[in-house]
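**Q** quick one, what's the 3D model for this:
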Amino acid sequence: MEGDRRKWWVLSVTSLGALLSALNFSTLIIALPDLIRELNASLLQAMWIMLSYMVAQTVMVLMAGSLADLFGRRKLYILGMALFTIVSLAAGFAPDAPWLIVLRVIQGISGAMVMANSTAIVADVFPKTELGRALGVNVMVVAVGQIIGPVLGGWLTTSFGWPWTFWFNVPFGVVAVLWGLYVMGFREVDERKSRKIDGWGIITYMLTALGLLIALTWGAIQNWNSSVVWIGGIVFVVFLPLWMVVEFRHPQPLLHLPLFRKRAFSMGIIAATLNAIARMAVMFMLIFYFQGAKGDSALQAGVLSIPLAAGMFVVSPFSGWTSDRFGVVLPTTGGLFITLIGLVGLATAMSLTTPYWQLALWMTVIGIGSGFFNSPNSSSIMNSAGAKYRGEASGIRSLTTNSGMMLSIAFTIPLVTASIPRQAMLAIFSGTEVGLKGATTSLQGFIFGLQVAFWVMAGLMLIATVMSALRGDEKSFSI
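**A** Residues are numbered from 1 along each chain as shown. Here you go, the predicted structure:
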């Protein structure tokens, strides 16, 4: 009985971390227009305030998951949460955009330590037959954060200013660290101290990831012909094959490549990446549609975006329960297809005069699709990896999901800005050009860009649906 109760306590620790992560992202994206104005940030700086966290997290998450297999998942998880809390306090005092970007990078490193280990910690204490339900609870908590976050971020920004979107993390972070120490402690039962650190693997991986992500984000926001993009692209092209060679030769590599030979693992990773691209695009663009094009306040935009998370909140526990009993193919593939329908709905309905109920309907559909997909897909990935490589599998899943979110920005920004001048885009993003009072041509171009972006995301969801259907039956996995 004590062991059964303990696993749910452990789940509460990881769920609290998931809640903080969801709140951190959704509150900041709501505050971004105010932050642009108050810090006099350029469009590039504004995007990097948001993207720097994801870039740092993406670069570090695979290494964090692998190192956790060596030093202990719980240790890195709790230390990551402590660092996240400290940096959140400092971020609210940032005097300008460059300082805030630096602090967001450190916050991203701490987030990688938490993200890379959360799913693996849950998989360690729950049996395979209950893992889907447990991860469904985590997904439900993320949905709660995505529901509360925009409203909370809007209220904090409107009432107290953007620094409070960081400061509110501090008391929750302190509670998360203390609760984690009480429930899990630092002692590990699965430490593997004999493992050799893959030093060259870490170096080549970090250069590969940094080259790709800097090239994509800089090109999307600034100029694809920039020397920064070319240098980043060359670094990526040179070090990617070197990284693969190092990983093939190292006896205990940072990235366990044979995992990708398992169809359930590789198809699940691809589907998760494509789903992350689409979901990030929807959240990112709708927030600026409400605040920029429609002229709503931060608080109003937060409330209006609730349906995107509400559907996920309702169905995620049910989808986990379903996958534990009937396999993962039906809920994951069905969820992606539902998301596809929602994206097509948004693409066809989007305009400056669209009634809100139509947008809310399609946002809810997308949320329901994500709710059906997320926890069964995570369960499938972790079960296919097996206990020995859970840390690495969790890191890979976090890496590809974050990369998907980064690619989403790289895809959607050029699609939207193609029809309007860059300065007009900054005006829309900062809320200084709003509604029908702004430059009508720019706003119409913005809407056309949104429509194109949603159609592209729908195409990616079609590919993801096929990939998910090809994963095979989880019951046939050999663990």
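
**Q** now do the SS call for the spatially closest residue to Glu247 that is not a sequence neighbour.
**A** Once flanking residues are discounted, Glu247 sits nearest to Pro253: 4.2 Å by CB to CB, 6 or more residues apart in numbering. Heads up, the C-betas are built off the backbone N, CA and C, glycines and all. Secondary structure for Pro253, judged by DSSP: H, G, I helix; E, B strand; the rest coil, is coil.

**Q** can you tell me the element the residue positioned nearest the centre of the chain falls in?
**A** The chain has Asn402 as the residue nearest its centroid, 5.0 Å off, counting by CA atoms, centre = their mean. Using DSSP states H and E, Asn402 maps to helix 390-417.

**Q** tell me the mean pLDDT over that helix?
**A** Mean pLDDT, helix 390-417: 72.

**Q** and it, how far out from the chain middle?
**A** Chain-centre distance of helix 390-417: 7 Å, with CA atoms, centre = their mean, to the nearest Å.

**Q** likewise stretch 261-276?
**A** Counting by CA atoms, centre = their mean, stretch 261-276 is centred 15 Å from the centre of its parent chain.

**Q** coming back round to it: what number of residues are in the vicinity of the residue nearest to Glu247?
**A** Neighbour count of Pro253, defined by other CB atoms under 10 Å: 21.

**Q** could you do Phe284 as well?
**A** For Phe284, using other CB under 10 Å, the count is 21.

**Q** same check, this time on Gly199
**A** Using other CB under 10 Å: Gly199 sits among 11 other residues.

**Q** right, and the residue nearest to the centre of the chain touches Val61 too?
**A** Yes: with contact defined as CB atoms under 8 Å, Asn402 counts as touching Val61 (6.4 Å).

**Q** anything in contact with each of these two?
**A** Met115 (CB atoms under 8 Å, 6 or more residues apart in numbering).

**Q** so who does the residue nearest to Val87 when sequence neighbours are not counted touch?
**A** Of all residues not flanking Val87 in the chain, Gln107 sits nearest, at 4.5 Å (CB to CB, 6+ apart). Contacts for Gln107 (CB under 8 Å, 6+ apart) come out as Asn24, Tyr53, Ala56, Leu83, Phe84, Val87, Ser88, Ala91.

**Q** Val235 now?
**A** Taking CB under 8 Å, 6+ apart, one finds Leu207, Thr208, Leu210, Gly211 in contact with Val235.

**Q** Ser21 versus Thr165, what's the distance?
**A** Note on Thr165: its distance to Ser21, by CB to CB, to the nearest Å, is 14 Å.

**Q** could you do Met63 as well?
**A** In terms of CB to CB, Met63 sits 18 Å off from Ser21.

**Q** which of those two has more residues huddled nearby?
**A** Met63 (24 against 20).

**Q** so what's that one up against?
**A** Ala112, Ile202, Tyr205, Met206, Leu254, Gly395 are the contacts of Met63 under CB under 8 Å, 6+ apart.

**Q** got it, and Asp96?
**A** Contacts for Asp96 (CB under 8 Å, 6+ apart) come out as Leu39, Asn40.

**Q** just want the phi and psi numbers for it.
**A** Main-chain torsions, Asp96, degrees, to the nearest 10: phi -150, psi 180.

**Q** Thr27 contacts Gly149, doesn't it?
**A** Yes: between Thr27 and Gly149 a contact is recorded at 4.9 Å, counting by CB under 8 Å.

**Q** if we can go back for a sec, ChimeraX command for the buried members of the contacts of Met63?
**A** Remark: buried members of those, expressed as a ChimeraX selection using 16 or more other CB atoms under 10 Å:
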select :112,202,205,206,254,395
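
**Q** so which of the contacts of Met63 is the closest to Ala31?
**A** Ala112 (22.5 Å; CB to CB).

**Q** ok now the host helix or strand of the closest one, how far from the chain's centre?
**A** Following DSSP H and E, one finds Ala112 within helix 97-125. Relative to the chain's own centre, helix 97-125 is displaced by 11 Å; criterion: CA atoms, centre = their mean.

**Q** what is the rounded mean pLDDT of it?
**A** 82.

**Q** and if you look at stretch 464-479?
**A** Across stretch 464-479, the average pLDDT comes to 66.

**Q** 5 is where my numbering starts, stick with that
**A** All right, first residue 5 from here; so that's stretch 468-483.

**Q** and the next helix or strand past the helix or strand Ile291 falls within?
**A** Taking DSSP H and E as the criterion, Ile291 maps to helix 267-292. For helix 267-292, the following helix or strand on the C-terminal side (DSSP H and E) is helix 302-308.

**Q** next SSE downstream of that next one?
**A** Criterion used, DSSP H and E; the element after helix 302-308 is helix 310-330.

**Q** perfect, that will be all.
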